[in-house]
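Student: Any chance you could fold what I've pasted below:
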Amino acid sequence: MLFNFLQRHYPRRYQNDKATWCNNNMFSIKSSYCKAIAQADKGPVVNRLIGSVWQNIAPPKVEFMVWLTLLGKLNTKDMLPRKGTLTEEENYCTFCNTYIEDLYHLLITCPVSWRTWNAVANDLGQTIATPINLVSFHENWVSRKISNKV
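Tutor: Numbering: from 1, shown residues only. Just a heads-up that it's a prediction; the model follows:
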């Protein structure tokens with residue numbers, strides 16, 4: 001699709017290049033997201049749950065980390081053996097040093113992480129169960145109506 005679009009355009013002599021976005025409007029993440037939603041029937045599906053991360057509730061670096069996590073792109077130790085930086089024998093969780101450190105283990109099933117999640121849930125008067133995956137865990141937390149006076 002992009003290739004076909006670019007084939008219809010060519011450099012023009014004696015004219016400066018210019019970048020435009022949707023009828024010369026300013027680019028923003030929101031306008032990009034709205035355009036993606038409008039194009040959903042014509043192309044790839046936009047995962048609204050993953051897009052819901054960008055709510056300005058947390059600092060941008062936290063929202064970025066959650067976004068990468070939900071996409072499964074957050075770097076963890078299990079990527080290092082594939083890059084030749086660590087051996088498979090060195091790929092153990094930084095916190096518990098018992099299991100291989102992958103994204104799901106590091107953020108959910110590691111005993112240290114799981115104790116932290118349970119402590120947060122208890123402080124909020126909630127109970128949690130081990131999720132199937134990170135996306136369902138995020139969806140479960142986002143869907144809760146929590147009122148906390150702390």
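Student: so how far is residue 137 from residue 114?
Tutor: 11 Å (CB to CB, to the nearest Å). C-beta here means a position set from N, CA and C on the backbone, and glycine is covered the same way.
Student: Which residues are in contact with each of the two?
Tutor: Common contact partners of residue 114 and residue 137 (CB atoms under 8 Å, 6 or more residues apart in numbering): residue 108.
Student: which one of those two has more residues nearby?
Tutor: residue 137 (20 against 15; other CB atoms under 10 Å).
Student: Give me the nearest residue to that one, chain neighbours excluded.
Tutor: residue 131 (3.8 Å; CB to CB, 6 or more residues apart in numbering).
Student: how about the one you found, what does it touch?
Tutor: Here residue 131 is in contact with 108, 137, 140 (CB under 8 Å, 6+ apart).
Student: pLDDT of whichever strand or helix holds the second one, averaged?
Tutor: With the criterion set as DSSP states H and E, the secondary-structure element containing residue 137 is helix 134-143. The average pLDDT within helix 134-143 is 87.
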